[in-house]
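Chemist: Predicted model and sequence below, questions to follow.
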Number of protein chains: 2
Amino acid sequence: MTDAAQAHLDNHFMQMALTLAERGRFTAAPNPCVGCVIVAQQEVVGSGYHERPGEPHAEVFALREAGARAHGATAYVTLEPCSHFGRTPPCADGLIKAKVSRVVVALQDPNPLVAGQGIERLRAAGIQVDVGVLETAARQLNLGFISRMERQLPWVRLKMAMSLDGRTALSNGRSQWITGEQARLDVHRYRACSGAVLTSARTVLMDQARMTARHPEAQQQPLRVLLDRRAEVAVDHPFFAISTPVLRVVDATVEDRAHWPAHVQTLRVPSAQQRLPLQSVLAELAQQQINEVWTECGAELAGALVSADLVDEYVIYMAPKLLGDSSRGLLQLPEFSQLEHVPQLHFQSFTRLGEDIRINALPLHRSVMARGEVTS
Amino acid sequence: MTDAAQAHLDNHFMQMALTLAERGRFTAAPNPCVGCVIVAQQEVVGSGYHERPGEPHAEVFALREAGARAHGATAYVTLEPCSHFGRTPPCADGLIKAKVSRVVVALQDPNPLVAGQGIERLRAAGIQVDVGVLETAARQLNLGFISRMERQLPWVRLKMAMSLDGRTALSNGRSQWITGEQARLDVHRYRACSGAVLTSARTVLMDQARMTARHPEAQQQPLRVLLDRRAEVAVDHPFFAISTPVLRVVDATVEDRAHWPAHVQTLRVPSAQQRLPLQSVLAELAQQQINEVWTECGAELAGALVSADLVDEYVIYMAPKLLGDSSRGLLQLPEFSQLEHVPQLHFQSFTRLGEDIRINALPLHRSVMARGEVTS
């Protein structure tokens, strides 16, 4: 076979493995989404994906299905096979035992402490290993896991809903609804596949928001993280009536005598300049194995996150409406004197949702990271 | 041939005629862009388009090329062939004389006074005429001409350049450049194929704008229409230094003693509530055979045009930047108390221009018109 034909086949089967991996989108966290396809004589003889923590890895399912046909076959895996005993035995060993002759890996393990060891193990057993096929797509699939491994921070998405002229509400505060039903369903889908939803006391109090994931595909509820420096959201607020886990973040010095139900944890942190230390809060979420954080808040917190360069991805729902200059703006940012100083983004994609459009944009420097051109 | 196969061929050849028509984009005005393809035994035997006023129509070029092969052939024309003697003899007669057996027309002549007469003339001569093939695309190509014929108003495009958060300049007024080079070139392309560029005294004074079309494909310069109610832009301003035609619109009562060069015409109109009568000005432009008006102005005039429902198409260049709430907004509109009252648009297209995006949007009711579902 020519190199070009082989590259074409490799792309084809890796794409299949990525599509499988995607099925773990709502369940695999805090583990990464991983898919595996085993191919003998250009035919798929086994496939699998990682569904949820504690359950077998993608390779295990694929090898089981392939049985003896794995002998001499090629395994396509979207992430480097593990080399350590976790809740399951190492997948590298499984592939060696099954006597595959070649392993194609999309992405090396992003954990700097283990990266490359699974690949080494395979190569030491005489297996040909090729790394980097569809690597960008494989990174995209696990941005949160990669971010946590590489930066000890979750991947932070900032959601905003606005009119074409960048307004989020009328001057009287009315904002329900600027965007349509499809856009709102899409928000719930993002919530459902995020480890945590981050919001502010102001948003919860103003919009009576509950921040749960109400989506048909939702399989688990995100941790709801409430930034409530002055402990303004009372224990009897509807936000707490729902018994999915909540993390309240309050100032270390605030008095808080309420009796909180078991699903509500409180994190006390020292404020600086009347603001909670956002980066520390995010680092704490990474510690708690949160890969992806979905942020929904007002112009003030949004502006603070942007100014602190803590937003990894902007998810903006834009409605084809005009609200005019007297309406409320999107972001509180410091006044800039030069255009060169304003935050620069990169438009990643535009997705129509009914009459609205979803814009995914990344900070210019972060967009390079997401493409895998640099790794930190 | 089956009906489906015939419909497929009809679409194919009409698309070819539309592509030809498009070549007149920079030169045909005030005439419409028209293309014609003559097909005998599924083979193109002649083609043409209307290049500029005074020169032959598309059908003439196509028939010339086809010669005797037009006999029994099918002619595809993007607009109903004319039936009257203008600067050239009627094209319907040309097609009859050439003995074509069938004429396929994308769009009936939008001029209510002549609509259908060319078709009648062809049918009376025993020629089969089918109307409506790719009609929507044919309307899109000549929105300005159609608007002028049907409404006695030009098609008004409002251009705006903004950041992702809907801001047009920093608080200190700096706006050069929010968008990149490709977006700015695209603006000049639009200017070049518009009959007029409409702007305000404020924009000309603030940005030292000249509003000429600086584009490699530009073949003629648009009429530059300057709304200058109080005659604030002096005769020695660089705007007037360029000798392409200018129409100044000033209040009827304003004193204006300067000696204006020949390329500057002044239109005096009575203001109402300290505002020039925008609709009358646009109607005057239609009278002067302007099909398409390209508007570049600030938040005030833009808001006035939107509020008066005089914008037919929004052309918004959005840069992936964030300027924040202290920056200048896009549109001055009245304060709304209900979301149901705000102007509703329809996103027509999204076009990447370098790092920026161009959004074409139509007022919801106008978007129906542009699709040809209603004609007034």
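Modeler: Cool, the structure landed.

Chemist: Point me to the residue sitting closest to the centre of chain A.
Modeler: Most central in chain A under CA atoms, centre = their mean is residue A:292, positioned 3.5 Å from the mean C-alpha point.

Chemist: wait, doesn't that residue sit right on residue A:195?
Modeler: Yes. The pair residue A:292 / residue A:195 is scored as a contact, 5.4 Å apart, by CB atoms under 8 Å. From N, CA and C alone the C-beta is placed, and that goes for glycine too.

Chemist: And the residue nearest to the centre of chain A, how far from residue A:305?
Modeler: Taking CB to CB, to the nearest Å as the criterion, residue A:292 is separated from residue A:305 by 15 Å.

Chemist: likewise residue A:176?
Modeler: Distance from residue A:176 to residue A:305, counting by CB to CB: 23 Å.

Chemist: longest helix anywhere in chain A?
Modeler: Longest helix in chain A by number of residues (criterion: DSSP state H): helix A:3-22.

Chemist: give me every residue that touches the closest residue in space to residue A:219 that isn't next to it in sequence.
Modeler: For residue A:219, ignoring the flanking residues on the chain, the nearest one in space by CB to CB, 6 or more residues apart in numbering or on different chains is residue A:26 at 4.5 Å. The contact partners of residue A:26, by CB atoms under 8 Å, 6 or more residues apart in numbering or on different chains, come to A:192, A:193, A:217, A:218, A:219, A:220.

Chemist: And for residue A:285?
Modeler: For residue A:285, the contact set (CB under 8 Å, 6+ apart) comprises A:154, A:195, A:196, A:223, A:225, A:247, A:293.

Chemist: Next one: the second one from residue A:138, what distance?
Modeler: Applying CB to CB, the value for residue A:195 to residue A:138 is 19 Å.

Chemist: on that earlier part again, of the contacts of residue A:285, which pair is most distant in space?
Modeler: Across those, no pair lies farther apart than A:154 and A:247, at 12.8 Å, counting by CB to CB.

Chemist: between these two, what contacts are shared?
Modeler: Here residue A:154 and residue A:247 share the contacting residues A:196, A:285, scored by CB under 8 Å, 6+ apart.

Chemist: These two: which has the busier surroundings?
Modeler: Neighbour tally, residue A:154 and residue A:247, criterion other CB atoms under 10 Å in any protein chain shown: the higher count belongs to residue A:154, 28 against 20.

Chemist: how about the strands in the stretch 201-350 of chain A?
Modeler: Counting by DSSP state E, counting those that start in this stretch, one finds strands in the stretch 201-350 of chain A at the ranges A:223-227, A:246-251, A:264-269, A:292-296, A:313-319, A:328-329, A:345-353.

Chemist: Let's have those strands in JSON lines, adding distance to chain B.
Modeler: As requested, the strands of the stretch 201-350 of chain A are exported to JSON lines (distance: least, CB to the nearest CB, whole Å):
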{"stretch": "strand A:223-227", "distance to chain B": "20"}
{"stretch": "strand A:246-251", "distance to chain B": "25"}
{"stretch": "strand A:264-269", "distance to chain B": "26"}
{"stretch": "strand A:292-296", "distance to chain B": "15"}
{"stretch": "strand A:313-319", "distance to chain B": "7"}
{"stretch": "strand A:328-329", "distance to chain B": "4"}
{"stretch": "strand A:345-353", "distance to chain B": "4"}
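
Chemist: and the residue of chain A found nearest chain B, what does it touch?
Modeler: Checking chain A residue by residue against chain B with CB to the nearest CB singles out residue A:166 as nearest, at 2.2 Å. Applying CB under 8 Å, 6+ apart to residue A:166 gives the contacts A:329, A:330, B:162, B:163, B:164, B:165, B:166, B:167, B:329, B:330.

Chemist: contacting residues around the fourth one?
Modeler: Translated: residue B:163. For residue B:163, the contact set (CB under 8 Å, 6+ apart) comprises A:166, A:342, B:178, B:318, B:319, B:321, B:322, B:323, B:327.

Chemist: Pretty sure residue A:219 sits against residue A:29.
Modeler: No. Contact status for residue A:219 versus residue A:29: not in contact, 10.4 Å apart, counting by CB under 8 Å.

Chemist: quick one: which of the two has more around it?
Modeler: Neighbour count, other CB under 10 Å: between residue A:219 and residue A:29, residue A:29 has more, with 24 against 13.

Chemist: coming back round to it: now for residue A:292 and residue A:195: what residues contact both?
Modeler: A:29, A:144, A:154.

Chemist: Among these, find the lowest-pLDDT one for me.
Modeler: Within those, the minimum per-residue pLDDT falls on residue A:29 (94).

Chemist: From residue A:193, how far out is that residue?
Modeler: 8 Å.

Chemist: Identify the contacts common to these two.
Modeler: residue A:292.

Chemist: what pairs with residue A:248 across the strands?
Modeler: Applying DSSP bridges to residue A:248 yields these beta-bridge partners: residue A:226, residue A:266.

Chemist: so what pLDDT did it get?
Modeler: With respect to pLDDT, residue A:248 scores 97.

Chemist: isn't it right next to residue A:267, touching?
Modeler: Yes. Using CB under 8 Å as the test, residue A:248 is close enough to residue A:267 to be in contact (6.9 Å).

Chemist: Looking at these two now, which is surrounded by more residues?
Modeler: It is residue A:248, of residue A:248 and residue A:267, that has more neighbours when counted by other CB under 10 Å, with 22 against 18.

Chemist: Perfect, that will be all.
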